[in-house]
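Visitor: Provided below for reference: sequence and predicted model.
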Amino acid sequence: MLVKTFGAAVHGINATIVTIEVNVSRGIRFFLVGLPDNAVKESQQRIISALQVNNIEFPRYQIVINMAPADIRKEGSAYDLPLAIGILAAAKTIQNDELEKYLIMGELSLDGTVQPVKGILPIAIKAREEGFKGMIVPKANAREAAVVNNLDVYGAENITEVIDFFNGNKHLELVTVDTRQEFFDNIGHFEADFSDVKGQESVKRAIEVAAAGGHNLIMVGPPGAGKSMMAKRIPSILPPLTLHEALETTKIHSVAGKMSGNTSLLAQRPFRNPHHTISDVALVGGGTFPQPGEISLAHNGVLFLDELPEFKRTVLEVMRQPLEDRKICISRAKFAIEYPASFMLVSSMNPCPCGYHNHPERECVCSPGMVQKYLGRISGPLLDRIDIHIEIVPVPFDKLAEESTPEPSSTIRERVIKARLIQEERFAESKGVYCNAQMSSKQLRTYATPDVAGSALLKNAMQRLNLSARAYDRILKVSRTIADLGACEKVEVQHIAEAINYRNLDRDGWGG
């Protein structure tokens, strides 16, 4: 008897429906075809054990299983449950009247427990698109799948529950999530706040400008000046995620297996802080079994690279293209996968190996050659792609001892949101452009043309600092953001002057 069950394969952050065709006939052999990998092939042993432990006899027939489309490689253990249900339905142990209405995914333990799997959210979205009535998934993944409306989602803990469900002996609990309510309930909860940061007003201003325009930022200063502390508070001043952004971000984390069992939808912008020993593949994505990298996990959020010169040069250089295109394409001989990577790069570094070059109180023990060599670990092309460079000095004792409370993140966030609303209105008709950092050269000429005094100041800065054409564009973008924060329609000379001040770490001025 021929029976069909349905699963899905995830490629990139999208899913493809996989039809599992099971045919039983006289004989004792077992065939599994359709480009399964080793993890899928090993499902036979897991299925046999799961059925035996639960006192269900494995069918004594010749079993032929085809996973269509046969030209797409099937990877992972998530097909255990649909394969098992298909085998039992073909052997008439399960009624197959309702099988075609449900998409089934789940890994089986040897005792029949249904284990969680990766990529449930994009699978659920595809199931709704293809018109399935519902999904049967591991209970730990149920809330994640239930984010998708107009789709019945059932969470199963054991294979016996699924068997009883299709035989009409037991009703699985329907999992529902009020996506909007849960999203808006969690959208403003932050553990870290800028009210904890005393002093550093100029740095806070630079961070506010960066957040308002989505600009990349690098902070240079001695150890203990507060670089990491402030970086971790940047998500608290960024505009809240929209539902579309939250769904897109959650899909990436779902594919990477980063969702916890209690999470249905990410409500806050991600903050990724990889260690400097990270490999280039772990940063941008890829591998034997392609997975999103840190730059994709930081999509719609912040990627913080602490101690930037300590990262391997090859790791930093692979970011150059994603910083421009806001996506990463992983191309191999047999496949090409594209992951979104629209993130705000925030980085920090010491000015020299000992950390005290240009320190107001402590003396640097590094030779000039050591300082230049340390700073030279960051290439000029990468530095050009960072819009704002800001130097940090230690906070004096008087500031630390003050009892007054600094400005909280909520107040800064209000100004950032107002500036972003101006940008949304400005770029309403420009597809894929949401903030000033994403402006094209044509849009720069339209929206960020400085006045006569501003042009003269910018020309002088370009010549004296020996800036590149890309740096010229970055200054105009930052100027446009500063003007938006001040609710100014045109870019004026004071906006240009502040933006130039944020380029004071350009190549010719370092270590001088």
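Guide: Cool, the structure landed. Residues are numbered from 1 along each chain as shown.

Visitor: Can you tell me the closest non-neighbouring residue to L88?
Guide: The shortest distance from L88 to any non-neighbouring residue, by CB to CB, 6 or more residues apart in numbering, is to I94 (4.5 Å). C-beta coordinates here come from the backbone N, C-alpha and C atoms, glycine included.

Visitor: wait, what's in contact with the one you found?
Guide: Under the criterion of CB atoms under 8 Å, 6 or more residues apart in numbering, the neighbours of I94 are 85, 88, 163, 166-167.

Visitor: out of those residues, which are inside helices?
Guide: Those of those mapping onto helices are 85, 88, 163, 166-167, per DSSP state H.

Visitor: Show me how to select, in PyMOL, the buried members of those.
Guide: One line in PyMOL is enough to select the buried members of these, burial here meaning 16 or more other CB atoms under 10 Å:
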select buried, resi 85+88+163+166
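
Visitor: related to what we said a few turns ago, nearest to N466 among the contacts of I94?
Guide: I85 (67.4 Å; CB to CB).

Visitor: Next one, pLDDT for the closest one please.
Guide: I85 is assigned a predicted lDDT (pLDDT) of 96.

Visitor: ok, it - contacts?
Guide: Per CB under 8 Å, 6+ apart, neighbours of I85: 5, 94, 99, 104, 162-163, 166.

Visitor: how about 7 Å then?
Guide: Contact analysis of I85 by CB atoms under 7 Å, 6 or more residues apart in numbering lists 5, 94, 104, 162.

Visitor: any low-confidence regions in the protein?
Guide: 261, 397, 400-401, 504-512 (pLDDT under 70).

Visitor: State the distance from the residue most central in space within it to A192.
Guide: Note on the chain: the residue nearest the mean C-alpha position is L297, at 2.3 Å, using CA atoms, centre = their mean. Distance, L297 to A192, by CB to CB, to the nearest Å: 19 Å.

Visitor: before we move on, back to that, so which of the contacts of I85 comes closest to R426?
Guide: R426 has its nearest neighbour among those in I104, at 46.9 Å by CB to CB.

Visitor: what about the nearest residue to that closest one once chain neighbours are set aside, neighbour count?
Guide: For I104, ignoring the flanking residues on the chain, the nearest one in space by CB to CB, 6+ apart is P82 at 4.2 Å. P82 has 28 neighbours, counted by other CB atoms under 10 Å.

Visitor: wait, is P82 part of a helix?
Guide: Yes: per DSSP: H, G, I helix; E, B strand; the rest coil, P82 lies within a helix segment.

Visitor: and the gap between it and E21?
Guide: 11 Å.

Visitor: which of the residues in the helix or strand that contains K459 are buried?
Guide: Per DSSP states H and E, K459 falls inside helix 452-465. Residues of helix 452-465 classed as buried: 454, 457-458, 461-462, 465 (neighbour count, 16+ other CB under 10 Å).

Visitor: what's the neighbour count on E21?
Guide: Count around E21 with other CB under 10 Å applied: 17.

Visitor: Helix, strand, or coil at the spatially closest residue to it that is not a sequence neighbour?
Guide: Excluding its sequence neighbours, the residue lying closest to E21 (CB to CB, 6+ apart) is N66, at 4.5 Å. Of the three states, N66 takes strand under three-state DSSP.

Visitor: and if you look at the one 5 residues further on?
Guide: Secondary structure assignment for D71 (three-state DSSP): coil.

Visitor: Report the contact partners of the spatially closest residue to it that is not a sequence neighbour.
Guide: Spatial nearest neighbour of D71, chain neighbours left out: L35 (6.9 Å); criterion: CB to CB, 6+ apart. L35 makes contact with 70-74 under the criterion CB under 7 Å, 6+ apart.

Visitor: Kindly indicate the member of those with the most neighbours.
Guide: Among the contacts of L35, K74 has the most neighbours (other CB under 10 Å), with 22 neighbours.

Visitor: ok, that residue touching A8?
Guide: No: applying CB atoms under 7 Å, one finds K74 not in contact with A8, separated by 10.0 Å.

Visitor: Give the intersection of the neighbour lists for the two.
Guide: Jointly contacting K74 and A8 under the rule CB under 7 Å, 6+ apart are V18.

Visitor: the domain parsing of the protein - what is it?
Guide: Using automatic domain parsing, the domain ranges for the chain come out as 2-177, 194-509.

Visitor: what residues does the biggest strand by length in the chain touch?
Guide: As assigned by DSSP state E, the longest strand anywhere in the chain is strand 14-25. If you take CB under 7 Å, 6+ apart as the criterion, strand 14-25 is touched by 1-9, 59, 61-68, 72, 74, 82-83, 86-87, 90-91, 119, 122-123, 126, 130.

Visitor: Swap in 8 Å and give it another go.
Guide: Contacts for strand 14-25 (CB under 8 Å, 6+ apart): 1-10, 59, 61-69, 72, 74, 79, 82-83, 86-87, 89-91, 103, 119, 122-123, 125-127, 130.

Visitor: from the residues you listed, which would you call buried?
Guide: 3-10, 59, 61, 63-67, 74, 79, 82-83, 86-87, 89-91, 103, 119, 122-123, 125-127.

Visitor: can you give me the strands for the stretch 51-200 of the chain?
Guide: In the stretch 51-200 of the chain, the strands defined using DSSP state E, counting those that start in this stretch lie at 62-68, 102-104, 107-108, 114-115, 134-138, 152-156, 174-175.

Visitor: Direction included, what does the last one pair up with?
Guide: Translated: strand 174-175. strand 152-156 (antiparallel) (DSSP bridges).

Visitor: And the longest one, by the same measure?
Guide: Within its sheet, and counting by DSSP bridges, strand 62-68 is paired with strand 14-25 (antiparallel), strand 30-33 (parallel).

Visitor: Show me the one of the ones you listed that comes nearest E324.
Guide: Across those, E324 has its closest neighbour in strand 14-25 (23.5 Å, CB to CB).

Visitor: could you dump the closest one to PDB, C-alpha only?
Guide: Output of strand 14-25 as PDB, limited to C-alpha atoms (Å, rounded to 0.1, in the frame of the first residue of the first chain):
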ATOM      1  CA  ASN A  14      13.100  29.300   3.500                       C
ATOM      2  CA  ALA A  15      11.600  25.900   3.500                       C
ATOM      3  CA  THR A  16      10.600  23.400   0.700                       C
ATOM      4  CA  ILE A  17       7.900  20.800   1.200                       C
ATOM      5  CA  VAL A  18       9.200  17.200   1.100                       C
ATOM      6  CA  THR A  19       6.700  14.500   0.100                       C
ATOM      7  CA  ILE A  20       7.500  11.200   1.900                       C
ATOM      8  CA  GLU A  21       6.100   8.300  -0.200                       C
ATOM      9  CA  VAL A  22       6.000   5.000   1.600                       C
ATOM     10  CA  ASN A  23       5.200   1.700  -0.200                       C
ATOM     11  CA  VAL A  24       5.000  -1.700   1.600                       C
ATOM     12  CA  SER A  25       5.000  -5.000  -0.200                       C
END
